[in-house]
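Asks: Okay, sequence plus prediction incoming.
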Amino acid sequence: MTPKADTRGSSSTARVVLLTLAAGQFLMALDSSVMNVSIATVAEDVGSTVTGIQGAITAYTLVMAMLMIPGGKVGALIGRKRAFMIGCVIYGCGSLTTALAPNLPVLLIGWAFLEGVGAALILPAIVALVAGNFAVERRPAAYGLVAAAGAVAIAVGPLIGGVATTYFSWRWVFAGEVLLVLGILVLARRAADAAPDRRPRIDLVGAVLSALGLGIFVFGVLRSDQWGWFRPKPDAPSWLGVSLVVWLMLVGLFLIWAFLRWEARLVGQGREPLVDPELLENKQLTGGLTMFFFQYLVQMGVFFVVPLYLSVALGLSALKTGARILPLSLTLLAAAILIPRLLPDVSPRRVVRLGILSMFAGALVLLAALDADAGAEIVTVPLLLIGLGMGALASQLGSVTVSAVPDRQSAEVGGIQNSVTNLGASIGTALAGSILIATLTTSFLTSIEQNPAVPARVKDSANVQLQSGAPFLSDAQLKTALADADASAEVTDAALDANAEARLDGLRAALAVLAFSALVALFFTHRIPTTQPGSTKA
């Protein structure tokens, strides 16, 4: 269909619509960047642990990844504008629930479920509403500005979280989101939404298969730190001597395969699929989606690992943690906005490759700089490099994926794209956390075992109690736990030394995995085009 949008003839209306859609993108990206600098505070406030809040962060992105493709189809059924506004209402209810959450289960309902469902309606609609409200020649700039709004959220999120946590409460962030949602709903009335040429049908079987496949696969990844990746941990579920994590991932992959086969069958019968299988044969589209996956995997892994180092290992406040992360946020924002403006004809493939190399270099520099005597200043240069790489990718990938298909499929691509990015984000957070805890546990137990000052009974007790993984504790938290256990001065000193070194080992291992992931992404960049998309789509 060809939307007839009033905004094409009114610059003031166009600015309002662009502000509305950018505000929606800003809202979607804000939560995780805010919460990552406040993990320890939120965990204490709701009576949970760092691992519990990590699960909430991952569950939020997981819900979005599971529902994003069906959410895009719902928009086609009821209208993109209506889907966008309904999504905002659901998201606002989730933000209010989160702001008032007394414990982790309520936090999960508000943040992970309600906000996740709302986002699954909002994000695909944003892609289609840009196409429906702006002329072809203006869409690249509009998509770029909307993408930049997400970068702004990442840029200011740590500072917002730090200020709120230090001087007020992290709850005020979510209360503020409710007000932002109300403003978006008022402004969204000016957006144009052309009626579809025909009333589409929802492929319920495909929706269930895709959601279950993605959900089961990522759930397996989430449980890896507690159950073990392959060899089951003590008292963890297993089948045929293999951790249940492996079986869950295999079941998830099988369901995703079944989903793709089902979609191909619908096309063969002349029926409407949830996702057109031919899209996955589009080299440019799959190349862009692959880069989106790796970008968000590394990005969310870094935003999980670095705040832990600053806030837990070094004991910085949430405000100081946010300030230390600001270099990454600033270079991300600068690259996302300035590269398209200053180098409009640059090769997307070259920018993407340089961006990946910048992320890889930043992770390696940070890994090498981590030391027992290191301070917060060591993160500055690595984060500048990582942010520059992330911004370079953000400046190109949106236009690469959207320009790979005709206008009529832009919303469908929006659903797939956002599903892939949130899948990458959830796996990145879970993978970094799992590797960190596993390495920390092994390092801590090895150090305790080799220390002659620690009695044998204490070593045996530690091996039993930490079978499922050692918590990521600050020195203050560990001292309190040892004092409650009436540990001797010698045992306390040995445990503190072992914990400090184990924390660094865990952080190094997580960063090494993230650096390796960035390097793997280089092997898929050949699918990115060497020329900028034209003003019209193929």
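Replies: Now that the structure is in, tell me what you want to look at.
Asks: use CA for all of it now, contacts and neighbours both
Replies: OK.
Asks: how much space between A313 and I325?
Replies: For A313, the distance to I325 equals 15 Å [C-alpha to C-alpha, to the nearest Å].
Asks: So for those two, which sits in the more crowded spot?
Replies: Set side by side, A313 and I325 show more neighbours around I325, with 27 against 23, by other C-alpha atoms under 10 Å.
Asks: Touching, the more buried one and P158? I think so.
Replies: Yes - between I325 and P158 there is a contact under C-alpha atoms under 8 Å: 7.0 Å.
Asks: and S11, how many residues sit next to it?
Replies: When neighbours are defined as other C-alpha under 10 Å, S11 has 11 of them.
Asks: May I have the residues that are in contact with it?
Replies: S11 makes no contacts at all, as judged by C-alpha atoms under 8 Å, 6 or more residues apart in numbering.
Asks: give me that answer again for 10 Å
Replies: By C-alpha atoms under 10 Å, 6 or more residues apart in numbering, the contact set of S11 is V17.
Asks: okay, it: pLDDT?
Replies: S11 carries a pLDDT score of 74 in this model.
Asks: what's the answer for S395, then?
Replies: So, for S395, pLDDT stands at 81.
Asks: close enough to count as contact, it and V352?
Replies: Yes - with contact defined as C-alpha atoms under 10 Å, S395 reaches V352; the gap is 8.9 Å.
Asks: how about S395, what does it touch?
Replies: 143-145, 147-148, 332-341, 348, 351-352, 355.
Asks: So which of those belong to helices?
Replies: The helices, defined by DSSP state H, take in 143-145, 147-148, 332-341, 348, 351-352, 355 from the contacts of S395.
Asks: what kind of secondary structure is D235 in?
Replies: Here D235 is recorded as coil under DSSP: H, G, I helix; E, B strand; the rest coil.
Asks: my bad, should have said W229
Replies: W229 ends up coil, using three-state DSSP.
Asks: correct me, but it touches A236?
Replies: No - taking C-alpha under 10 Å as the definition, W229 is not a contact partner of A236, at 11.0 Å.
Asks: tell me, what's touching these two both at once?
Replies: R223, S243, L244, V245.
Asks: shaky segments in the stretch 101-250 of the chain?
Replies: For the stretch 101-250 of the chain, applying pLDDT under 70 flags the ranges 135-141, 144, 148, 151, 155, 194-200, 225.
Asks: can you give me the helices in it?
Replies: 104-107, 116-133, 139-167, 171-187, 204-222, 224-227, 244-268 (DSSP state H, counting those that start in this stretch).
Asks: tilt between the third one and helix 171-187?
Replies: To tie it back to what came earlier, the one meant is helix 139-167. Orientation check (axes from the mean of the first three to the mean of the last three C-alpha atoms, to 10 degrees): helix 139-167 against helix 171-187 gives 150 degrees.
Asks: Contact partners for L179?
Replies: Per C-alpha under 10 Å, 6+ apart, neighbours of L179: G92, S95, L96.
Asks: which among the residues you listed gets closest to L182?
Replies: Closest approach between the contacts of L179 and L182, by C-alpha to C-alpha: G92, at 8.0 Å.
Asks: May I have the residues that are in contact with the most centrally placed residue in the chain?
Replies: What sits nearest the mean C-alpha location of the chain, by C-alpha atoms, centre = their mean, is A425, with 3.0 Å. Shown in contact with A425 (C-alpha under 10 Å, 6+ apart): 32, 57-58, 60-62, 65, 292-301, 419, 431.
Asks: How about L333?
Replies: Contact analysis of L333 by C-alpha under 10 Å, 6+ apart lists 147-155, 327, 387-388, 390-392, 394-395.
Asks: With A394 as the reference, measure out to it.
Replies: 9 Å.
Asks: Apart from its chain neighbours, what residue comes closest to K320?
Replies: Nearest residue to K320 in three dimensions, chain neighbours excluded: G162, at 7.0 Å (C-alpha to C-alpha, 6 or more residues apart in numbering).
Asks: and the one you found, how far is that from G52?
Replies: With distances taken as C-alpha to C-alpha, G162 is found 20 Å from G52.
Asks: residues in contact with A112?
Replies: 55-64, 94, 98, 105-106.
Asks: Most neighbours of all these, which one?
Replies: Sorting the contacts of A112 by how many neighbours each has (other C-alpha under 10 Å) puts M64 first, at 30 neighbours.
Asks: which residues of this protein fall in strands?
Replies: Remark: strands assigned in the chain by DSSP state E are 238-239, 242-243.
Asks: okay, those, which one's buried deepest?
Replies: Across those, averaging neighbours per residue (mean count of other C-alpha atoms under 10 Å) puts strand 242-243 on top, at a mean of 19.
Asks: Contacts for that one next, please.
Replies: G220, R223, S224, W227, G228, W229, F230, R231, P232, K233, A236, P237.
Asks: What is the burial count for the fourth one?
Replies: The criterion is other C-alpha under 10 Å. On that basis, W227 has 23 neighbouring residues.
Asks: measure it to V218 for me?
Replies: 14 Å.
Asks: if I look at those two, which residues touch both of them?
Replies: Joint contacts of W227 and V218 (C-alpha under 10 Å, 6+ apart) are V245.
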